[in-house]
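Asks: coords below, sequence missing:
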């Protein structure tokens, strides 16, 4: 009889332990690691005024490849460092190599702070990421594409 109680108690402890372990696992951990990012910035600007005959159209394209990181941040966000010399994002400004998007359990990314000023979309799978955002105004346009491949797969 005592042996049955022992095994019953042991079974309860194992079940509780397994249940607690499952609850504490952070769904964001599968994206944490080092990533090979390629960032492409495309900017088109008109200089001068509309009535100015010296108005010039400037196109700038910048491509940067960088081994960056994705880490967990707060309770539902990721910290994505995708360019060297990354700086904290400023409200109403485009990111400078660092963003903190919200991620759900299946990998849908949203970034309300960015979506207020820019249009775009994000895609995150277990080993690849694509983030696009941009804006257009009467004086020009700006688009940004971040794509990455996870380089340390578990």
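Replies: Structure received. The model shown is predicted, which means the values in this text are computed figures rather than measured ones. Numbering: from 1, shown residues only.
Asks: which residues touch stretch 34-53?
Replies: The contact list for stretch 34-53 (Cβ atoms under 8 Å, 6 or more residues apart in numbering) reads 54-70, 82-83, 97, 129, 134, 139-152. All C-beta spots, glycine's among them, are computed from the backbone N, C-alpha and C.
Asks: Take those and keep only those in strands.
Replies: In strands, judged by DSSP state E, the following of the contacts of stretch 34-53 are found: 56-70, 129, 134, 140-150.
Asks: List only those of these flagged as buried.
Replies: Those of the ones in strands among the contacts of stretch 34-53 that meet the buried threshold are 66, 68, 70, 129, 134, 140, 142-148, 150, by 16 or more other Cβ atoms under 10 Å.
Asks: quick one: which of those residues is nearest to residue 29?
Replies: When these are ranked by distance to residue 29 (Cβ to Cβ), residue 70 comes first, at 10.3 Å.
Asks: Who are the contact partners of the closest one?
Replies: Neighbouring residues of residue 70 by Cβ under 8 Å, 6+ apart: 31-33, 35, 78-81, 129.
Asks: Can you say which of the residues you listed are buried?
Replies: Among these, those classed as buried by 16+ other Cβ under 10 Å are 31-32, 35, 78-81, 129.
Asks: TSV for those residues, including secondary structure?
Replies: Output for the buried ones among the contacts of residue 70, formatted as TSV (DSSP: H, G, I helix; E, B strand; the rest coil):
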residue	secondary structure
31	helix
32	coil
35	strand
78	strand
79	strand
80	strand
81	strand
129	strand
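Asks: Reformat the contacts of residue 70 as a markdown table; add pLDDT.
Replies: Output for the contacts of residue 70, formatted as a markdown table (pLDDT from 0 to 100):
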| residue | pLDDT |
| --- | --- |
| 31 | 93 |
| 32 | 95 |
| 33 | 95 |
| 35 | 97 |
| 78 | 96 |
| 79 | 96 |
| 80 | 96 |
| 81 | 97 |
| 129 | 95 |
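Asks: TSV please, covering these and showing distance to residue 112.
Replies: Formatted as TSV, those follow (distance: Cβ to Cβ, whole Å):
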residue	distance to residue 112
31	19
32	22
33	25
35	23
78	14
79	16
80	15
81	20
129	18
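Asks: Closest one of those to residue 123?
Replies: Nearest member of the contacts of residue 70 to residue 123, counting by Cβ to Cβ, is residue 129, at 6.9 Å.
Asks: Nice, that's everything, thank you.
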